[in-house]
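Enquirer: missing the sequence, but the structure's below:
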């Protein structure tokens with residue numbers, strides 16, 4: 001379990017560093033700055049919106065027996081609803097507290113931000129769920145796959161978002 005988590009951290013950190021190196025070389029510093037701000041806002045909101053359920057999953061899933069999947073899905077759904085509501089409030093209030101993120105006020109990227117934040121909170125909870133289910137060897141695989149996809153999709157996806165000024 002400890003080895004899986006350490007391997008996952010090393011893999012995730014390495015792929016994350018590669019992601020930002022590629023982003024910095026491919027896109028302008030202004031675009032990277034705005035993008036990293038959006039990502040950090042999403043992560044910060046998700047950190048608040050999992051409501052401590054990561055720890056709750058670790059504690060109660062092993063005790064839940066045949067009810068464990070219901071417990072997991074309810075925890076995920078609760079966190080997703082809270083994250084979606086908080087992200088919606090964030091996007092609606094952008095003009096007041098962060099007008100620089102005008103990209104999120106578009107009819108495409110605002111809802112996409114809300115949806116992504118709701119799913120990111122589940123991604124944050126997955127490692128705890130896998131640990132609670134005694135499936136820790138899957139943690140580096142899950143995180144490594146995500147990190148690799150993030151690197152592979154950087155240019156096509158970010159290029160679309162940055163190059164599409166008609167959506168804002």
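Expert: On my side now, so go ahead. It should be emphasised that the depicted structure is a prediction, and the values quoted were computed from it without experimental measurement.

Enquirer: ok, now which ones touch the most centrally placed residue in the chain?
Expert: In the chain, the residue lying closest to the centroid (Cα atoms, centre = their mean) is residue 120, at 3.1 Å. Residues in contact with residue 120 (Cβ atoms under 8 Å, 6 or more residues apart in numbering) are 42, 43, 46, 83. C-beta coordinates here come from the backbone N, C-alpha and C atoms, glycine included.

Enquirer: next structured bit after the one helix or strand it maps to?
Expert: Element membership for residue 120, per DSSP states H and E: helix 109-132. Moving toward the C-terminus from helix 109-132, the next helix or strand (DSSP H and E) is helix 138-153.

Enquirer: closest to residue 156 among the contacts of residue 120?
Expert: Proximity of the contacts of residue 120 to residue 156 was ranked by Cβ to Cβ; the top entry is residue 42 with 19.8 Å.

Enquirer: since we're on the closest one, how many residues are nearby?
Expert: Neighbours of residue 42 under the rule other Cβ atoms under 10 Å: 21.

Enquirer: Residue 113 is in contact with that one, correct?
Expert: Yes: using Cβ atoms under 8 Å, residue 42 is in contact with residue 113, at 6.8 Å.

Enquirer: Distance of residue 11 relative to residue 98?
Expert: 32 Å (Cβ to Cβ, to the nearest Å).

Enquirer: Show me which of those two is the more surrounded one.
Expert: Between residue 11 and residue 98, counting by other Cβ under 10 Å, residue 11 is the more crowded of the two (19 against 15).

Enquirer: which ones are touching that one?
Expert: Contacts of residue 11 by Cβ under 8 Å, 6+ apart are 140, 143, 144, 147.

Enquirer: With residue 117 instead?
Expert: 42, 45, 46, 49, 83, 84, 86, 87.

Enquirer: now do residue 146
Expert: Residue 146 sits next to 12, 123 when contact means Cβ under 8 Å, 6+ apart.

Enquirer: And residue 147, by the same measure?
Expert: Counting by Cβ under 8 Å, 6+ apart, residue 147 touches 11, 12, 14, 15, 16, 19.

Enquirer: excluding its backbone neighbours, what's nearest the fourth one?
Expert: Counting by Cβ to Cβ, 6 or more residues apart in numbering, the nearest residue to residue 15 once its immediate chain neighbours are dropped is residue 147, at 3.0 Å.
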